[in-house]
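**Student:** Here is my input, please return the structure:
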Amino acid sequence: MTQFKESKFNIGELKGFSPKNIEEHLKLYAGYVKHSNLILEHIEELLKDEEKNAYELGELQRRFSFEFNGMVNHEYYFESLSGGARELAEDSKLKKAIEAEWGSFEKWQNRFKAIGATRGIGWAMLYYDPITKRLLNAWVDEQHLGQLNGCQTILAMDMWEHSYVFDYQPSGKKNYIEDFFANLNWSTVEKNYSTARK
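**Tutor:** Numbers count the residues shown, from 1 in each chain. Got it, this is the predicted structure:
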(Lines give C-alpha, C1' and ligand atoms only; values in the text may rest on other atoms or scores of the structure.)
Protein backbone atom coordinates (compact mmCIF):
# COMPACT_ATOMS: atom_id res chain seq x y z
CA MET A 1 0.00 0.00 0.00
CA THR A 2 1.28 3.49 -0.87
CA GLN A 3 2.19 5.42 2.27
CA PHE A 4 1.63 9.10 2.93
CA LYS A 5 4.94 10.81 3.69
CA GLU A 6 5.74 13.77 5.88
CA SER A 7 6.47 16.95 3.97
CA LYS A 8 9.54 18.90 4.97
CA PHE A 9 9.25 22.65 5.49
CA ASN A 10 11.76 25.48 5.36
CA ILE A 11 10.52 27.41 8.38
CA GLY A 12 12.91 30.04 9.65
CA GLU A 13 12.50 32.57 12.43
CA LEU A 14 8.91 33.75 12.72
CA LYS A 15 7.50 36.82 14.40
CA GLY A 16 5.78 35.77 17.64
CA PHE A 17 6.10 32.02 16.98
CA SER A 18 8.76 30.36 19.12
CA PRO A 19 10.92 27.57 17.65
CA LYS A 20 9.63 25.29 20.41
CA ASN A 21 6.02 25.89 19.41
CA ILE A 22 6.79 25.14 15.76
CA GLU A 23 8.74 22.02 16.78
CA GLU A 24 5.83 20.68 18.83
CA HIS A 25 3.30 21.63 16.15
CA LEU A 26 5.31 19.72 13.52
CA LYS A 27 5.22 16.66 15.78
CA LEU A 28 1.45 16.90 15.81
CA TYR A 29 1.45 17.11 12.00
CA ALA A 30 3.65 14.00 11.88
CA GLY A 31 1.03 12.25 13.99
CA TYR A 32 -1.65 12.98 11.40
CA VAL A 33 0.54 11.46 8.68
CA LYS A 34 1.24 8.40 10.82
CA HIS A 35 -2.39 7.83 11.76
CA SER A 36 -3.64 8.34 8.21
CA ASN A 37 -1.38 5.46 7.18
CA LEU A 38 -2.28 3.28 10.17
CA ILE A 39 -6.00 3.66 9.61
CA LEU A 40 -5.76 2.64 5.95
CA GLU A 41 -3.64 -0.36 6.91
CA HIS A 42 -6.15 -1.39 9.56
CA ILE A 43 -9.05 -0.99 7.14
CA GLU A 44 -7.33 -3.40 4.75
CA GLU A 45 -7.05 -5.95 7.54
CA LEU A 46 -10.68 -5.57 8.59
CA LEU A 47 -11.90 -5.94 5.00
CA LYS A 48 -10.89 -9.59 5.16
CA ASP A 49 -14.15 -10.09 7.07
CA GLU A 50 -16.17 -7.08 6.05
CA GLU A 51 -19.48 -8.26 7.46
CA LYS A 52 -18.08 -9.05 10.90
CA ASN A 53 -16.13 -5.79 11.06
CA ALA A 54 -18.75 -3.50 9.49
CA TYR A 55 -19.18 -1.29 12.57
CA GLU A 56 -15.47 -0.81 13.15
CA LEU A 57 -14.90 -0.17 9.45
CA GLY A 58 -17.51 2.58 9.48
CA GLU A 59 -15.97 4.27 12.49
CA LEU A 60 -12.47 4.03 11.05
CA GLN A 61 -13.62 5.55 7.78
CA ARG A 62 -15.04 8.51 9.70
CA ARG A 63 -11.78 8.83 11.61
CA PHE A 64 -9.76 8.74 8.40
CA SER A 65 -11.30 11.99 7.16
CA PHE A 66 -10.24 13.67 10.42
CA GLU A 67 -6.65 12.40 10.22
CA PHE A 68 -6.25 12.97 6.47
CA ASN A 69 -7.63 16.51 6.56
CA GLY A 70 -5.48 17.23 9.61
CA MET A 71 -2.45 16.15 7.60
CA VAL A 72 -3.28 18.15 4.48
CA ASN A 73 -4.49 21.29 6.28
CA HIS A 74 -1.19 21.41 8.18
CA GLU A 75 0.77 21.04 4.95
CA TYR A 76 -0.92 24.15 3.55
CA TYR A 77 -0.37 25.94 6.86
CA PHE A 78 3.33 25.17 7.27
CA GLU A 79 4.12 25.70 3.59
CA SER A 80 2.65 29.22 3.79
CA LEU A 81 5.01 29.95 6.73
CA SER A 82 8.08 28.58 4.91
CA GLY A 83 10.73 30.48 2.99
CA GLY A 84 10.37 33.79 4.82
CA ALA A 85 7.59 36.37 4.86
CA ARG A 86 6.74 37.86 1.47
CA GLU A 87 4.06 40.39 0.66
CA LEU A 88 1.36 39.84 -1.92
CA ALA A 89 2.37 41.73 -5.05
CA GLU A 90 0.09 44.61 -6.05
CA ASP A 91 -0.33 43.19 -9.55
CA SER A 92 -0.87 39.59 -8.44
CA LYS A 93 -3.82 37.68 -9.90
CA LEU A 94 -4.79 36.52 -6.42
CA LYS A 95 -4.96 40.06 -5.09
CA LYS A 96 -7.08 41.15 -8.04
CA ALA A 97 -9.41 38.18 -7.49
CA ILE A 98 -9.73 39.04 -3.79
CA GLU A 99 -10.52 42.65 -4.63
CA ALA A 100 -13.11 41.56 -7.21
CA GLU A 101 -14.84 39.28 -4.70
CA TRP A 102 -14.72 41.45 -1.56
CA GLY A 103 -14.20 45.00 -2.84
CA SER A 104 -10.71 45.41 -1.39
CA PHE A 105 -7.92 43.31 0.02
CA GLU A 106 -8.43 44.94 3.43
CA LYS A 107 -12.12 43.98 3.53
CA TRP A 108 -11.26 40.38 2.75
CA GLN A 109 -8.44 40.32 5.30
CA ASN A 110 -10.62 41.78 8.04
CA ARG A 111 -13.34 39.21 7.27
CA PHE A 112 -10.84 36.35 7.25
CA LYS A 113 -9.38 37.47 10.58
CA ALA A 114 -12.89 37.64 12.05
CA ILE A 115 -13.52 34.07 10.89
CA GLY A 116 -10.27 33.05 12.59
CA ALA A 117 -11.50 34.59 15.83
CA THR A 118 -14.54 32.27 15.83
CA ARG A 119 -15.00 30.63 19.22
CA GLY A 120 -13.95 27.02 19.25
CA ILE A 121 -11.29 24.98 17.50
CA GLY A 122 -10.89 24.70 13.76
CA TRP A 123 -9.48 26.41 10.69
CA ALA A 124 -10.07 29.64 8.80
CA MET A 125 -9.83 28.76 5.11
CA LEU A 126 -9.67 30.59 1.81
CA TYR A 127 -10.83 28.37 -1.05
CA TYR A 128 -11.11 28.57 -4.81
CA ASP A 129 -14.25 27.04 -6.32
CA PRO A 130 -13.37 25.79 -9.83
CA ILE A 131 -17.06 25.55 -10.80
CA THR A 132 -18.07 29.16 -10.12
CA LYS A 133 -14.45 30.42 -10.38
CA ARG A 134 -14.89 32.32 -7.10
CA LEU A 135 -12.87 32.67 -3.93
CA LEU A 136 -14.73 31.64 -0.77
CA ASN A 137 -13.97 31.95 2.94
CA ALA A 138 -15.02 29.22 5.34
CA TRP A 139 -14.70 28.04 8.92
CA VAL A 140 -13.87 24.35 9.29
CA ASP A 141 -14.72 22.70 12.61
CA GLU A 142 -11.90 20.52 13.87
CA GLN A 143 -10.33 19.28 10.60
CA HIS A 144 -13.19 17.85 8.62
CA LEU A 145 -16.59 19.44 9.28
CA GLY A 146 -17.20 22.32 6.91
CA GLN A 147 -14.65 21.67 4.17
CA LEU A 148 -16.18 23.01 0.96
CA ASN A 149 -16.87 20.19 -1.46
CA GLY A 150 -14.86 20.40 -4.70
CA CYS A 151 -13.00 23.55 -3.66
CA GLN A 152 -9.22 23.96 -3.61
CA THR A 153 -7.43 25.27 -0.53
CA ILE A 154 -5.58 28.54 -1.11
CA LEU A 155 -4.82 29.55 2.49
CA ALA A 156 -5.27 27.63 5.75
CA MET A 157 -4.94 29.30 9.17
CA ASP A 158 -4.83 26.86 12.08
CA MET A 159 -7.06 28.01 14.92
CA TRP A 160 -6.70 25.00 17.18
CA GLU A 161 -5.36 26.14 20.55
CA HIS A 162 -2.14 24.15 20.09
CA SER A 163 -1.16 26.57 17.31
CA TYR A 164 -1.00 29.63 19.56
CA VAL A 165 -1.50 28.98 23.30
CA PHE A 166 2.17 28.14 23.96
CA ASP A 167 3.31 31.57 22.74
CA TYR A 168 0.21 33.72 23.16
CA GLN A 169 -1.88 32.21 25.96
CA PRO A 170 -5.63 31.70 25.42
CA SER A 171 -6.28 35.46 25.51
CA GLY A 172 -3.77 36.13 22.71
CA LYS A 173 -5.71 34.66 19.79
CA LYS A 174 -6.00 38.01 18.00
CA ASN A 175 -2.26 38.66 18.35
CA TYR A 176 -1.56 35.21 16.92
CA ILE A 177 -3.77 35.99 13.91
CA GLU A 178 -1.93 39.27 13.30
CA ASP A 179 1.44 37.54 13.49
CA PHE A 180 0.26 34.75 11.22
CA PHE A 181 -0.37 37.34 8.52
CA ALA A 182 2.95 39.07 9.26
CA ASN A 183 4.74 35.74 8.71
CA LEU A 184 2.92 34.68 5.53
CA ASN A 185 4.85 33.85 2.40
CA TRP A 186 2.30 35.16 -0.08
CA SER A 187 4.25 33.75 -3.03
CA THR A 188 3.28 30.27 -1.78
CA VAL A 189 -0.36 31.30 -1.37
CA GLU A 190 -0.30 32.80 -4.88
CA LYS A 191 1.11 29.52 -6.19
CA ASN A 192 -1.78 27.63 -4.54
CA TYR A 193 -4.17 29.94 -6.37
CA SER A 194 -2.44 29.46 -9.72
CA THR A 195 -2.47 25.67 -9.29
CA ALA A 196 -6.15 25.66 -8.32
CA ARG A 197 -7.11 27.59 -11.46
CA LYS A 198 -5.47 25.12 -13.88
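**Student:** burial measure for Tyr29, as a count.
**Tutor:** Tyr29 is flanked by 20 other residues according to other C-beta atoms under 10 Å. Placement of C-beta: from N, CA and C, glycine included.
**Student:** Double-check it against Asn73; I have them as touching.
**Tutor:** No - here Tyr29 lies out of contact with Asn73, judged by C-beta atoms under 8 Å, at a distance of 9.2 Å.
**Student:** Could you name the specific helix or strand carrying the most centrally placed residue in the chain?
**Tutor:** The centroid of the chain falls nearest to Asn73 when counting by C-alpha atoms, centre = their mean (3.0 Å). Secondary structure from DSSP states H and E places Asn73 in helix 54-80.
**Student:** For that helix, buried residues please.
**Tutor:** For helix 54-80, a neighbour-count test (16 or more other C-beta atoms under 10 Å) marks 57, 60, 63-64, 66-80 as buried.
**Student:** Leu135: how many residues sit nearby?
**Tutor:** 21.
**Student:** thought it was touching Ile98?
**Tutor:** Yes - here Leu135 reaches Ile98: they are 6.3 Å apart, a contact under C-beta under 8 Å.
**Student:** so what sits against both of the two?
**Tutor:** Common neighbours of Leu135 and Ile98 are not found (criterion: C-beta atoms under 8 Å, 6 or more residues apart in numbering).
**Student:** Pull up the gap between the residue nearest to the centre of the chain and Asn110, please.
**Tutor:** 23 Å (C-beta to C-beta, to the nearest Å).
**Student:** Listing request: residues of the chain with sub-threshold pLDDT.
**Tutor:** Applying pLDDT under 70 to the chain flags no residue at all.
**Student:** Do a quick rundown of the strands in it.
**Tutor:** 122-129, 134-141, 152-158 (DSSP state E).
**Student:** okay if I get these as a markdown table plus distance to Tyr168?
**Tutor:** Output for the strands of the chain, formatted as a markdown table (distance: least, C-beta to C-beta, whole Å):
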| stretch | distance to Tyr168 |
| --- | --- |
| strand 122-129 | 16 |
| strand 134-141 | 20 |
| strand 152-158 | 13 |
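**Student:** residues near the nearest residue to Phe166 once chain neighbours are set aside, how many?
**Tutor:** Among residues not flanking Phe166 along the chain, Asn21 sits closest, at 4.4 Å (C-beta to C-beta, 6 or more residues apart in numbering). The number of residues packed near Asn21 is 18, by other C-beta under 10 Å.
**Student:** Tell me how the protein divides into domains.
**Tutor:** Following automatic domain parsing, one gets these domains for the chain: 19-80, 93-196.
**Student:** so which of those gets nearest Gln3?
**Tutor:** domain 19-80 (5.2 Å; C-beta to C-beta).
**Student:** Just the endpoints, please. Distance across the closest one?
**Tutor:** With C-alpha to C-alpha, to the nearest Å as the measure, domain 19-80 spans 16 Å from end to end.
**Student:** Check stretch 109-129 too.
**Tutor:** 19 Å.
**Student:** The nearest residue to Ile121 once chain neighbours are set aside: how many residues sit nearby?
**Tutor:** Closest residue to Ile121 apart from its sequence neighbours, by C-beta to C-beta, 6+ apart: Trp160 at 4.7 Å. Using other C-beta under 10 Å, Trp160 has 18 neighbouring residues.
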